[in-house]
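>>> When you get a sec, could you give me coordinates for this:
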Amino acid sequence: QVQLVESGGGLVQAGGSLRLSCAASGSAFYINAIGWYRQAPGKQRELVTILGSGGSTTYGDSVKGRFTISRDNSKNTVYLQMESLKSEDTAVYYCYADLTRFVPGPNVREDYWGQGTQVTVSS
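Numbers count the residues shown, from 1 in each chain. Below you'll find the model as predicted:
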């Protein structure tokens with residue numbers, strides 16, 4: 001199995017910065033895509049950003065120009081640098097990964113989610 005463990009959430013003032021981390025652990029897997037979603041109270045979960053295996057990135061419209069995703073392949077860790085935070089960025093942020101696991105028999109491609117980390121931006 002594979003686990004995604006997030007860290008770095010917290011309380012920050014509007015205009016401030018925060019960096020989230022997500023580490024993927026387990027054995028024999030390949031990351032097809034990895035990134036972040038978020039869910040605010042009473043709202044649907046929405047895409048923040050996704051990083052593909054070829055390096056392509058997709059950002060949600062509301063975070064373009066403010067958030068940056070990066071990856072450390074040696075640590076199987078992805079980072080989300082959040083700048084110029086706004087109160088509307090307040091949400092639980094979930095790490096997401098599209099993984100292929102190398103198991104006996106056919107490889108298994110699955111979606112994985114972290115447990116979520118709270119980001120609160122005070123105005």
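
>>> OK, contacts around the residue positioned nearest the centre of the chain?
What sits nearest the mean C-alpha location of the chain, by Cα atoms, centre = their mean, is Trp36, with 2.6 Å. With contacts defined as Cβ atoms under 8 Å, 6 or more residues apart in numbering, Trp36 is in contact with 20, 22, 48-50, 69, 78, 80, 93-96. Bear in mind the C-beta positions are built from the backbone N, C-alpha and C, glycine included.

>>> Would you agree it falls within a helix?
No - checked against DSSP: H, G, I helix; E, B strand; the rest coil, Trp36 lies outside a helix; its state is strand.

>>> Bridge partners for it, pull those for me.
Note on Trp36: beta-bridge partners by DSSP bridges are Thr49, Cys95.

>>> pLDDT at it, what is it?
Note for Trp36: predicted pLDDT of 98.

>>> In this structure Asp89 contacts Met82, no?
Yes - with contact defined as Cβ atoms under 8 Å, Asp89 counts as touching Met82 (6.9 Å).

>>> Need the overlap of contacts for the two.
Joint contacts of Asp89 and Met82 (Cβ under 8 Å, 6+ apart) are 63, 119.

>>> hang on, the earlier thing: any figure for the gap between the residue nearest to the centre of the chain and Gly16?
Computed as Cβ to Cβ, to the nearest Å, the Trp36 to Gly16 distance reads 18 Å.
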